[in-house]
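Asker: sequence and predicted model, in that order:
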Amino acid sequence: MTGRDPEYLAFLRRRLAEDGTDGDEAGDGVEAARRAHAADLARSPRPPAGAVTDLAVDGPAGPLPARLYRPAWDGPAPALVYLHGGGWVLGDVDSYDPVVRALAAASGVAWLSVGYRRPPEDPFPAALDDTVAAVRWTVRHAAALGLDPRRIGVAGDSAGGQLAAAAAGVLRAAGPDRPVLQVLLYPALDLREVPPPLPDPDGLAPPRDGVDRALRAYLRGTDRTRPDVSPLLDPDPAGLPPAVIATAEHDRLRPQAERHAERLRAAGVPVTLVPGTGLDHGFLGWGAFARRPAEAIAEIGAAVHRALTGVPDGPGPR
């Protein structure tokens, strides 16, 4: 395991020193935790990302808030339906705006960020049902949105990566609604238990979190070995769409993401693995503050662009 580069390490130490949140992601403190999480993401700038439009997506329990980031494109653009992170409980379309803008700018393709229902108000399978419905809706409304219905994928980071992977499994045999790509960014793929922190070469204490409480709020006794809960346990991954999987070296979720990549490849599914060498969980929001996360975001963007366009030279109008 390598250490972090000095610039990034200095940023991370400042960030940890400033972090006063307690990670209470369930129960009476959930609204306070949501506000703190949004305030943390609000530190990141919001770079230009083409035309940005707020939408409503038809969900199984009512309209879902969404935001479309569409680059300049000659004709219908390829797109990803994106599910935000935040441990299933935190996060929304607006708070993750800086993250999606950075990904859209790096990839040069369209991203549709969708706000799914969250626990504790709406436990499993509400968020997954919303994700599946959002992918179907996007494919069927692609022409009106200026998107290519034959090049629609699904993406997410952290908890959103779990939702994206689970939705890819649900939709694998869905004909025209089947995603052509799954983009899993430091995803949670095995929810049977919370993995322990990895040893840290720089002596940084792991940040406090409420992952175990969030999982209990999300699953409420659901069998954690179900493939739509723990996509790593899918018994037959052969029919899944191609994947771009990005990890963070010092992230406790990295080993399960690497195992998922290995299982997909063994089943004949094309996989591009983007190793976040020297990085930590959450780096997608930090590209403006240090060179190393900015490099990783650029690598993810290039991999997404190649996967959705077949063009190897990075983002730009086509």
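Answerer: Looks like it came in fine.
Asker: only C-alpha atoms from now on, for both contacts and neighbour counts.
Answerer: OK.
Asker: list the contacts for residue 258?
Answerer: Contacts for residue 258 (C-alpha atoms under 8 Å, 6 or more residues apart in numbering) come out as residue 247.
Asker: separation between it and residue 248?
Answerer: Taking C-alpha to C-alpha, to the nearest Å as the measure, residue 258 falls 10 Å from residue 248.
Asker: same question, residue 292
Answerer: Using C-alpha to C-alpha, residue 292 is found at 11 Å from residue 248.
Asker: which residues do these two both contact?
Answerer: 278, 279.
Asker: need the strands for the stretch 51-200 of the chain, in chain order.
Answerer: Assigned by DSSP state E, counting those that start in this stretch, the strands in the stretch 51-200 of the chain fall at 51-59, 62-70, 77-83, 110-114, 147-157, 182-185.
Asker: which is the succeeding secondary structure element to the shortest one?
Answerer: Same thing as strand 182-185. Counting by DSSP states H and E, the element after strand 182-185 in chain order, helix or strand, is helix 211-219.
Asker: so how far is that next one off the chain centroid?
Answerer: Centre-to-centre, helix 211-219 and its host chain are 18 Å apart (C-alpha atoms, centre = their mean, to the nearest Å).
Asker: what's it in contact with?
Answerer: Everything outside helix 211-219 that qualifies as a contact, by C-alpha under 8 Å, 6+ apart, is 24-26, 87-89, 118-120, 122-124, 191, 193-194.
Asker: pull out the buried residues from it.
Answerer: Using 16 or more other C-alpha atoms under 10 Å as the test for burial, helix 211-219 gives 211, 212, 213, 214, 215, 217, 218, 219.
Asker: buried ones in stretch 123-140?
Answerer: 123-136, 138-139.
Asker: in helices, which of those residues appear?
Answerer: 126-136, 138-139 (DSSP state H).
Asker: so the helix or strand residue 33 falls within versus helix 211-219, what angle?
Answerer: Using DSSP H and E, residue 33 falls within helix 30-41. Computed by axes from the mean of the first three to the mean of the last three C-alpha atoms, to 10 degrees, the angle separating helix 30-41 from helix 211-219 equals 120 degrees.
Asker: export the strands of the stretch 51-200 of the chain to JSON lines and tack on distance to residue 167, mean neighbour count and mean pLDDT?
Answerer: Putting the strands of the stretch 51-200 of the chain into JSON lines (distance: least, C-alpha to C-alpha, whole Å; neighbours: other C-alpha atoms under 10 Å; pLDDT from 0 to 100) gives the following:
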{"stretch": "strand 51-59", "distance to residue 167": "14", "mean neighbour count": "16", "mean pLDDT": "98"}
{"stretch": "strand 62-70", "distance to residue 167": "16", "mean neighbour count": "20", "mean pLDDT": "98"}
{"stretch": "strand 77-83", "distance to residue 167": "11", "mean neighbour count": "30", "mean pLDDT": "98"}
{"stretch": "strand 110-114", "distance to residue 167": "13", "mean neighbour count": "28", "mean pLDDT": "98"}
{"stretch": "strand 147-157", "distance to residue 167": "8", "mean neighbour count": "25", "mean pLDDT": "98"}
{"stretch": "strand 182-185", "distance to residue 167": "9", "mean neighbour count": "29", "mean pLDDT": "99"}
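Asker: okay, the ones you listed in CSV with distance to residue 39 next?
Answerer: Below are the strands of the stretch 51-200 of the chain laid out as CSV (distance: least, C-alpha to C-alpha, whole Å):
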stretch, distance to residue 39
strand 51-59, 21
strand 62-70, 19
strand 77-83, 19
strand 110-114, 19
strand 147-157, 18
strand 182-185, 21
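Asker: closest one to residue 19 among those?
Answerer: strand 147-157 (20.9 Å; C-alpha to C-alpha).
Asker: pull the CA atoms of the closest one into PDB?
Answerer: The C-alpha trace of strand 147-157 is given here as PDB (Å, rounded to 0.1, in the frame of the first residue of the first chain):
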ATOM      1  CA  LEU A 147     -30.000  11.500 -25.800                       C
ATOM      2  CA  ASP A 148     -29.300   8.300 -27.700                       C
ATOM      3  CA  PRO A 149     -31.600   5.600 -26.400                       C
ATOM      4  CA  ARG A 150     -29.100   2.900 -27.600                       C
ATOM      5  CA  ARG A 151     -26.300   4.400 -25.400                       C
ATOM      6  CA  ILE A 152     -27.800   4.800 -22.000                       C
ATOM      7  CA  GLY A 153     -25.900   3.500 -19.000                       C
ATOM      8  CA  VAL A 154     -26.300   3.600 -15.200                       C
ATOM      9  CA  ALA A 155     -23.700   5.000 -12.800                       C
ATOM     10  CA  GLY A 156     -23.300   5.800  -9.100                       C
ATOM     11  CA  ASP A 157     -20.700   6.400  -6.400                       C
END
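Asker: what about it, distance to the chain center?
Answerer: Taking C-alpha atoms, centre = their mean, the mean C-alpha location of strand 147-157 is offset from the chain mean by 13 Å.
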